[in-house]
Every structure is written in C-alpha cells, then in structure tokens.
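Q: got a sequence here, can you build the structure:
(2 chains)
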Protein chains: 2
Amino acid sequence: MEIYHPAEMLSRDEIAALQCQRLRETVRQARNSRFYRQRLDDAGVSPESIQSLDDLARIPPTAKQDLRDSYPDGMVAVPQERLVRLHASSGTTGAATVIYHTREDIRTWAELMARCMFMAGVRPWDVFQNTSGYGLFTGGLGIHYGAEALGCLTIPSGPGNTRRQLKLIRDFGVTVLHIIPSYALYLGDALAAEGLDPAALSPRIALIGAEPHSEEVRRRIESLLGLKAYNSYGLSEMNGPGVAFECQCQDGMHLWEDAFIAEILDPETGQPVPEGEVGELVMTCLTRTGMPILRYKTRDLTRFVPGLCACGRPHRRIDRIKGRADDMLIIKGVNIYPMQVEQALMALPEVGQNYQIILTHDGRMDQLTVQVELREDFFQEDMRALTGLQKKIAGILRDEILVTPRVELVQANTLPRTEGKAVRVLDKRGDA
Amino acid sequence: MEIYHPAEMLSRDEIAALQCQRLRETVRQARNSRFYRQRLDDAGVSPESIQSLDDLARIPPTAKQDLRDSYPDGMVAVPQERLVRLHASSGTTGAATVIYHTREDIRTWAELMARCMFMAGVRPWDVFQNTSGYGLFTGGLGIHYGAEALGCLTIPSGPGNTRRQLKLIRDFGVTVLHIIPSYALYLGDALAAEGLDPAALSPRIALIGAEPHSEEVRRRIESLLGLKAYNSYGLSEMNGPGVAFECQCQDGMHLWEDAFIAEILDPETGQPVPEGEVGELVMTCLTRTGMPILRYKTRDLTRFVPGLCACGRPHRRIDRIKGRADDMLIIKGVNIYPMQVEQALMALPEVGQNYQIILTHDGRMDQLTVQVELREDFFQEDMRALTGLQKKIAGILRDEILVTPRVELVQANTLPRTEGKAVRVLDKRGDA
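A: Purely as a prediction, here's the structure:
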C-alpha cells in the first residue's frame, strides 16, 4: 500500500502520545484568545494540567452558539497580521460563524486534504475537476489547495452549468471529480438523458461529501457515472474538507488522529457512548494556530467503526453521518432521521433519484407524506400495479421508521431539482 | 520608498539583459509544445538564434485564434503530471481558450501579484476583501493567491450580494477591496442609498481593473467610497491579474519587465508605433513553464507613458486601456471607442453612474443613441432645463467623437444595472 505521509502509519500508542502533546500545545495556544482564556480559567484548565488524554474531559465543550457569541474575533489566538484567510458559514441556520487561518494553518489543511485524496487513490498525474462553490464556503478553496498540494491538474469549475461540466470532463480527460451527492445523481441523469455511456467517460473516482447520504445513493452514483465514489467528512470549524476520508476499502472514513481528537458522546449527557454506538461527534483540532477550537460539538451523528481497517492504517474510522442531531424529526412522538427514509427508498429498484419528506399537522395530529419519484420504466398507466407499489413502499418505510406515511408516487424529474444541496424535508407543521 | 522585491529597482540595462536571457529560455521551453515547435521552426527561430532583444521581431506573433486552434493542449510545454492548474476563458467572445500552469508558474504569478499589491500600498496587516468571481476566471484565484502570498487577511467573498459585502466590510474592518469599476460605482450608490458616510468606512484602497474605464470613473469611485483606487491590468494569457499595476503616483501602470516583454504595435502593420503613441499591446511572458506564450496580440489599445515615474521604479508604464481593438465602432464611417463617450460623459457633474450606447440602422444610415442617467438632484420637471442639458451633452459628445448622437436623458437607476461587468454598447445594426 502506498501512503502520502508517514503519520498515516503511526501506531495507536504513537497517536495517543502525539495527541496528548499537541493537546497541551493547543490549550496553550487557545488561551491567547479572549474566549478560551476565560473559558479555560473558569474550568481551571492550564496547559501544564494536561497530563494525559483523560484530561480532555476537563475541558468544557464548545458549541455553535459559542462561536456566534464570540463573533467576529473572540476566538482569534494570534495577532491579526499573522492571519491570511477568513471563512464564514453561509449562516443558513442562524448567524454567521467565522473561522480564521494563519499561513501555517492553510498549509497544514492543504496537506491533510492531499493525504485524504491520495488515500482514495488520487495521484499527481490525475486531472481533477472541483465542482464545489469557491469563496467563503470551505468546500471550494479547501479541496482546491489540497489537489494542488498533491499535484493534480486542477480545474476550478465551480458549481452549476451541467453542459459545461460535461464539456470540461470530456475535453480535458478528467479522471477525478469532487461533487456533492445530489448533484452527482443529477449529472448521472443528464448523462443518461444525452444517451452517453458512463463507462466511456474518463472519471474513475468521485470524491463525495458535504451532504449526508446513504450507501444506496453511493452505489447509484457509482453505477450512473461508472466510477468509484469515496465518502468524505469535514466541517469549517475543523478547517473544512480533509478531516476524514474513506480509503479504498470504502468501509468507514479514517479520521486523521494526529491532527484531530474525536469523541463520540451522548448528545444529552455529554458522556461517551459505548464503543461502536451512535452519538454526537465532538472534535478538537490539534494543529490550528489562528483559531484553535476545543471539543467542538458538531451536531453530526455517527459511530466509530469497530476494529482495524483492512488497509492497515491505525487511524480510527467514523461511519457515514447518520444525520445531524438538529435533523431529528419527532413525528407522532417517534424520533425519525431523514437518512432512514432515504436508505429504505434507495434500496428499491423502482425508485428514481429524488424524494421529499413533507410534514403537516391537520389540527389533530402529525401527518407524514413521502413523495417518491419513480424511474421512467416503472411509471405506468396500470393503476393496480401503482397501488401495489405504493402499499409496498409504505410498508417498508413503516418497518424502518415505525410510522406509516402517506406515499405519493410521481413521475421521474417532477420533484424540485437542484444543482446545489438537495432539500429533502419540508416541515409545514408550524404553518397556519 | 518601500519595495517588495529587488527586481522592482533593476536598471533599464539590467532589465534588457534579463529579458534577453529569459526570452532565450522561454523560446527553448515553448518549443516543447506542438504549436511553437512548428511555428518557430517555420520562422527559423531557435533558442541560440536569440542574441539580443532585436531578435524578438523574428518571432511571429500569436493571435487569440492560435490559442483556439490549439485547443485543448497544443501549447502545453511540459508533461501533464507537472501541471497543477487550468484556467479557461468564459468564451464570451467565441470558443474557450485555456491556459495551463505548473506549480512554479502559480508561485511566480502569486509573487508578481503580491508585488503589485504592495506597490499600491497594501501591507501584510491589511484586511483584503476579494469580490472577484472565483473558479475558471483568473480574477478570483489570481489575486487571492497574491494577497495570501503578501500575507493579508483574505476574505474570499466573491461577487454579488451587496448587503453581505457591506456587512463583511464593516464587521471585519476591511481595509483593501478588489472590485471591478462598474460594481464599485454600484456599491457606492448602495452606500449613499443607505445614507452611509463613505469616510466612516474602513477601506482605504480599492484595486480596480478588468474593465476599461476612464479617469473620471476612477475619481468617482474614490469619492463615492472614500478611498484611493488603483488601476490594474492583466489577462489570462499572461496569467491573469498581476501584469501591470499603478504605484502610488497613479500615473500609468508599471509593467513588470523582468517577467514580461511588452511591445506596442500598429494593429494593421504589426510595426512598433512611435514612442508614446497608442497601439496594440503585444506581450511575451518570460517566466511561464507550463504554457509559454510569445508575442501575444492582446487586442488591448494603450501607449507607453513617456519618461521615468516619480516613484523611481524603472519598469515602464502603460496608460489606462483605451479600449480593445475589437471594441472599435465604425459609425457613419468614423472610428469611435466607447471609452471616449464615457470619458466625456463622466466629466459632467449632472451625469449619474450609468449610460448606454445604442447603435441602430434605419435602412439608410447608422444612428447613434446615447442614453444617460442623470443624478437625482439634476432630474427635474423643467423641460427647458432638460432640453438645454440634452443639447449640451450632444455637443460635448460631437466634439469628442465627431458624430452627433441622439441623447436621451433618463432618471437615476433606470438603465439595466449589473453586479457583473457592465454592458455599455448595444449594436442593433444587424437586427432585422
């Protein structure tokens, strides 16, 4: 097996020793910010008091709201002239949060990103098309810098304009794509609509991420585009892309533990969940100087994949994101994650690329409706067959989520499509 | 005077010697591409035959069409695995053209860009907001890499969303903006509409370029935004931004002659114009390895500013771009450049930020109409005053362009506005 960086093969003991040492340094660095000096003083945490990784639990967790409250620069830990980059969330779920980077931070991030890409099989001679949006969002510039650090011929195509994306792929022999799952499905349909054979296209690898998606969606992307799709995980609070990535075993995402400490905690109690169980991912970045963040509550739900990966890298793997703690829907008193619905639907050959979950309240109780696109060849005039399929889907969903939904079957390409992130849930229960 | 790089102070003799040596190396490198091997063989130009800068004239010029004809990779001069970046024109004026860069090329470009910014007064402790579009277009990534190389805190805001741009400027104390002239005017109006005092805003420098504009527009931007605006020049065939920039004297743009050879030629004969006269800028990049381009006909019209700049940098200055050779309008047999119209209009205090040149043909002859936005306080009900103003503007334009236009006065903010490049000319003469 080829590796990009020696840190990939550190033993568990070496990782633990490095984490402890870097945690101490990070606590020292974080205390240069107004926010952490106060927070760590209040908790009685000094750099010297970090003696082992058990001391991590003494550091109070950091929430999204802490980032908002310290806007614009309460967590900055270096003099302003050392900062070279600012990223900001789009603020779709509230006020903007801002992350600052020094020159060293940008370099470290690019190297982590390059390591991820190499692990998924990307090489310097690859032609890499980045369909992420550039700018304040970290997906574009983050993976761009990684691809250039690795040495790929990088095409900064940005999002949208499908005809142009296809032209770039063909004209420049693109071998690796970075693409969000819902847009990959859209692109696959565009290929099919033009009667193009995916096997004849040059890309052999798609790097996917940024949207929770099921294994079934990954397999669809692979078959629609004729390539291998590798899942990835990142968030701007931990730089952006480049935090965890699948190796060629495609069995969980290795999280670079020389650069991050990951915990999986019960979102209610804040205590670690038993090994292998699902909880909230809580992360500490160990290499950032401009704005270190300690024990960040990501709201992302996942678990550690038990055991050692067949690839031999000792870095632990996280499972695909099950959804966000914030995404959980309570319907008729039952906890439901949209990903459960997707998983059940996408396993059915009759189901097309798009679906939508609609929640309403009829004055008495919650109603769950699932609109499902059928594939062209399954959408037929025979009402009996359609009614049978409707019942079958409702039954499969009930088995999965314990609530019986109303299922509406619609023709392919009739639900709202997007070249950006897909909107899978419409919660209209608050509407008049 | 502070300088960023010793090359800024090379004497004319040192520049000439360096250009000759680098031209020889560039010819050698260019011959690794299919296109230039053929082109240079046909012209009998070998690296060894370059003995002085006079030999430049023996190299046939390269036209935009040559780039199109060698699409996608006929001008690539290195093995593909050495390439790390591809930029492509939007293809608005025909088929796409593509420029490839190696890692060294990207580094050289970033350093040239940083040198430009420093010359305009930007320093590592500045907060820099880049409103250029990122992606395949070179304006975004080009200046982004330069700002990071210089060490500015770089905010990759990208274009559009004026409310957000203003929020970023205020919340992060932005001191330097990169902004195209038409959007700068738009932003200035947005400030005025919100009743904000430009002097109270933090930016002290705007880097403008990418659109031909007059000195009058620069002065308006400076007064609307309360800052100094520095003109710049670049084109993707010569990397992108970072080719020439104004120093703090604001009297022509220094062209980095250690990295480029510039000639100003008669677009018809291809012969040098007399010193100080306007002609087509023809450029050779001396530092690019991935895809060298020799004697590129930019179609941009300018002249060398005579004499030595007060700043003391020996690198020659080009005057603001007068327009493109392609932009020239022939109206009633007279050659007219849109920039002449702008220059005349923007000198008038009554005139607002927007205007449009409309060409029609009434079956017999060309008609030139100029629609002009008036400032709020000049647009009044008094028909006599308006008619007088109309006549005054028509007279001023006739004196400038030798054709009498029909002048239409319209209210402020009624002509089509854009957050992208302004469309100043509508030529409807070909319409049915």
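Q: please identify the buried residues of stretch A:199-207?
A: Applying a neighbour-count criterion of 16 or more other C-beta atoms under 10 Å in any protein chain shown, one finds A:L201, A:P203, A:R204, A:I205, A:A206, A:L207 buried in stretch A:199-207. From N, CA and C alone the C-beta is placed, and that goes for glycine too.
Q: ugh, typo on my part, it should be stretch A:101-114
A: Neighbour-count burial for stretch A:101-114 [16+ other C-beta under 10 Å]: A:H101, A:T102, A:R103, A:D105, A:I106, A:T108, A:W109, A:A110, A:E111, A:L112, A:M113, A:A114.
Q: quick one, what contacts the closest residue to chain B within the stretch 101-250 of chain A?
A: Of the stretch 101-250 of chain A, the residue with the smallest distance to chain B, taken as C-beta to the nearest C-beta, is A:Y134 at 3.2 Å. Contacts for A:Y134 (C-beta atoms under 8 Å, 6 or more residues apart in numbering or on different chains) come out as A:G140, A:L141, A:H144, A:P156, A:G158, B:Y134, B:G135, B:G140, B:L141, B:P156, B:G158.
Q: pull the most distant pair out of the residues you listed.
A: A:H144 and B:G158 (13.6 Å; C-beta to C-beta).
Q: who has more neighbours, those two?
A: A:H144 (26 against 23; other C-beta atoms under 10 Å in any protein chain shown).
Q: and A:E246, how far from B:A149?
A: According to C-beta to C-beta, to the nearest Å, A:E246 stands 33 Å off from B:A149.
Q: those two: which has the busier surroundings?
A: Using other C-beta under 10 Å, the more surrounded residue of A:E246 and B:A149 is A:E246, with 27 against 21.
Q: count the residues that sit near the nearest residue to that one once chain neighbours are set aside.
A: With C-beta to C-beta, 6 or more residues apart in numbering or on different chains as the criterion, A:E246 has its nearest non-adjacent residue at 4.5 Å, and that residue is A:Y230. Residues lying near A:Y230 (other C-beta under 10 Å) number 24.
Q: same question, the one 4 residues further on
A: Number of residues near A:G234 (other C-beta under 10 Å) recorded here: 24.
Q: so what's the residue nearest to it when sequence neighbours are not counted up against?
A: Nearest in space to A:G234, with sequence neighbours left out and distances taken as C-beta to C-beta, 6+ apart, is A:P241 at 3.9 Å. For A:P241, the contact set (C-beta under 8 Å, 6+ apart) comprises A:M113, A:C116, A:T138, A:G139, A:G142, A:I143, A:G146, A:G209, A:A210, A:S232, A:G234.
Q: between those, which is closest to A:L23?
A: Of the contacts of A:P241, the one sitting nearest to A:L23 (C-beta to C-beta) turns out to be A:G234, at 20.6 Å.
Q: so what's the closest one up against?
A: A:G234 makes contacts with A:T138, A:G142, A:G209, A:A210, A:G240, A:P241, A:G242, A:V243, A:A244, as judged by C-beta under 8 Å, 6+ apart.
Q: would you confirm that A:P124 contacts B:L83?
A: No: when contacts are counted by C-beta atoms under 8 Å, A:P124 is not listed as touching B:L83 (9.8 Å).
Q: between the two, point out the one with more neighbours.
A: Under the criterion of other C-beta under 10 Å, the comparison of A:P124 against B:L83 puts B:L83 first, with 25 against 17.
Q: narrow the contacts of A:P241 to those in strands?
A: Of these, the ones assigned to strands by DSSP state E are A:S232, A:G234.
Q: lowest-confidence one in the contacts of A:P241?
A: Of all the contacts of A:P241, A:A210 has the smallest pLDDT value, namely 80.
Q: on the three-state scheme, A:R28 is what?
A: The local conformation at A:R28, judged by DSSP: H, G, I helix; E, B strand; the rest coil, is helix.
Q: so what's the residue count around it?
A: 16.
Q: so it sits against A:V45, correct?
A: No: counting by C-beta under 8 Å, A:R28 stays clear of A:V45, with 10.7 Å between them.
Q: quick one: name the residues of chain A near chain B.
A: Residues of chain A found near chain B (C-beta under 8 Å from any C-beta of the partner chain) are A:71-72, A:80-81, A:83-88, A:100, A:103, A:106, A:124-125, A:127, A:134-136, A:140-141, A:144, A:147-148, A:151-158, A:168, A:171-172.
Q: hang on, the earlier thing: tell me the contacts of the residue nearest to A:E246?
A: For A:Y230, the contacting residues are A:A120, A:G121, A:I205, A:A206, A:L207, A:I208, A:F245, A:E246, A:Q250, by C-beta under 8 Å, 6+ apart.
Q: for A:I99, phi and psi?
A: The phi/psi pair for A:I99 (degrees, to the nearest 10) reads phi -120, psi 130.
Q: again, but for A:S236
A: Main-chain dihedrals, A:S236, degrees, to the nearest 10: phi -60, psi -30.
Q: the closest residue to it other than its chain neighbours and A:H178, how far apart?
A: The shortest distance from A:S236 to any non-neighbouring residue, by C-beta to C-beta, 6+ apart, is to A:T138 (4.6 Å). Taking C-beta to C-beta as the measure, A:T138 falls 12 Å from A:H178.
Q: before we move on, what about A:V351?
A: On the measure of C-beta to C-beta, A:V351 and A:H178 end up 26 Å apart.
Q: higher neighbour count, these two?
A: Neighbours per residue, other C-beta under 10 Å: of A:V351 and A:H178, the larger number sits with A:H178, 28 against 23.
Q: for the helix or strand hosting A:L166, which helices and strands make contact with it?
A: Applying DSSP states H and E as the criterion places A:L166 in helix A:162-171. Here helix A:162-171 touches strand A:127-130, helix A:181-193, going by 3 or more C-beta pairs under 8 Å, 6 or more residues apart in numbering or on different chains; DSSP states H and E.
Q: got the ones you listed as TSV, with mean pLDDT columns?
A: Output for the helices and strands packed on helix A:162-171, formatted as TSV (pLDDT from 0 to 100):
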stretch	mean pLDDT
strand A:127-130	98
helix A:181-193	89
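Q: just read off the phi/psi values of the residue of the stretch 251-400 of chain A found nearest chain B.
A: Nearest residue of the stretch 251-400 of chain A to chain B, counting by C-beta to the nearest C-beta: A:G290, 9.5 Å away. Per-residue torsions, A:G290: phi -70, psi -40 (degrees, to the nearest 10).
Q: then A:M365?
A: Main-chain torsions, A:M365, degrees, to the nearest 10: phi -150, psi 170.
Q: surely it meets A:K332?
A: Yes: between A:M365 and A:K332 there is a contact under C-beta under 8 Å: 6.4 Å.
Q: buried set for stretch A:326-346?
A: So, applying 16+ other C-beta under 10 Å, buried residues of stretch A:326-346: A:327, A:329, A:331, A:336-346.
Q: what about the helices in the stretch 201-350 of chain A?
A: Assigned by DSSP state H, counting those that start in this stretch, the helices in the stretch 201-350 of chain A fall at A:215-225, A:338-346.
Q: mind giving me the domain ranges of chain A?
A: Domain ranges of chain A: A:1-327, A:328-427, per automatic domain parsing.
Q: gap between the shortest one and the chain center?
A: In terms of C-alpha atoms, centre = their mean, to the nearest Å, the centre of domain A:328-427 is set 23 Å apart from its chain centre.
Q: quick one: mean pLDDT over it.
A: Confidence for domain A:328-427, expressed as mean pLDDT, is 84.
Q: quote the end-to-end distance of that domain.
A: Its start and end residues considered, domain A:328-427 measures 12 Å (C-alpha to C-alpha, to the nearest Å).
Q: do the longest one as well
A: Between the opening and closing residues of domain A:1-327 lies a distance of 38 Å (C-alpha to C-alpha).
Q: repeat for stretch A:412-428
A: 24 Å.
Q: and what of stretch A:316-329?
A: With C-alpha to C-alpha applied, stretch A:316-329 spans 29 Å between its terminal residues.
Q: okay, now the unreliable bits of the stretch 1-150 of chain A?
A: A:90-95 (pLDDT under 70).
Q: can you tell me the SS state at A:A77?
A: Put simply, A:A77 is coil when judged by three-state DSSP.
Q: quick one: it from chain B, how far?
A: Counting by C-beta to the nearest C-beta, to the nearest Å, the separation of A:A77 from chain B is 14 Å.
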